[in-house]
Structures are given as structure tokens and as C-alpha cells.
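>>> Can you look at this prediction? I've put the sequence above it.
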Amino acid sequence: MDHLIFEGIQTKVVIGVLPGEKIAAQPVLVDLKLYCDLSEAASTDELAKTIDYAEVVAAVKTVIETGCCDLLETAAANVVDALFKRYVRIEEQEITLYKPGILEGVERVGVSLVRSRK
């Protein structure tokens, strides 16, 4: 299936369950795949027939930065819900959120969700 790919969306947010994670914003990285029919956009070369990349990135950052949650799982689910509401073209999403450098000896930890429109 056709899909749009966003890799390494960068944002900062206060997120986590440990006391030290509540002090300051931490970097969060987002990878996202949006599954949708891109054939009309490909044949017409019209932005209106696809999903605006810049709008998606802005929406992802806004949802994460204003979400006020402790878990990456919740932040990821909030992004998925918001994007399904905003873009009817999306049929399925894969999202991965990473927190780099929070555990000693581990480059990053993260969570991935795959959700289909119901």
C-alpha cells in the first residue's frame, strides 16, 4: 500500500515517570508512516490530492508538546488519534517514538504502535 514516510521528527517535551524526567524537557524522536492511496496525487501532481508534509510535522509536534502525559505509549496514541481525525485519507498508521539517552548503555528506548482506521 502507498504510504508517506517521516523519519526523525524532533521535538522536546517533559515526559516520563521518574522524578528526574519531570524537571526539564527531553528530546523525543518520531518516525511515522501514513498509509493512504497516493495514486490521485501521483497522477495529478496536486498537493490537494495528498497530505501536506509540513502540516503533519506541525501536528505531530503540537500533539506531543501539549499532551501532558507520562508514557510514550500515550503520546503515540494521541498522535495517531489526532491524525486520523484530521486526515480522512489515512487508512493506517505506524508510529514510533524514541527517547534517546535515558538509560545508561542504551542508545534509545521507544515504543511503536500500528493502528488502522475503524
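Nice, I can see it. Residues are numbered from 1 along each chain as shown.

>>> Just give the nearest non-adjacent residue to T11, would you?
The shortest distance from T11 to any non-neighbouring residue, by CB to CB, 6 or more residues apart in numbering, is to K61 (4.8 Å). The way it works is simple: take the backbone N, C-alpha and C, and place the C-beta from them, glycine included.

>>> same thing with V14?
With CB to CB, 6+ apart as the measure, A25 is the residue that lies nearest to V14, at 5.3 Å, once sequence neighbours are left out.

>>> Next up, the contacts around the one you found.
When contacts are counted by CB atoms under 8 Å, 6 or more residues apart in numbering, A25 touches 12-14.

>>> Switch the residues you listed over to JSON lines; also include neighbour count.
Compiled in JSON lines, these are given as follows (neighbours: other CB atoms under 10 Å):
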{"residue": "K12", "neighbour count": "13"}
{"residue": "V13", "neighbour count": "19"}
{"residue": "V14", "neighbour count": "14"}
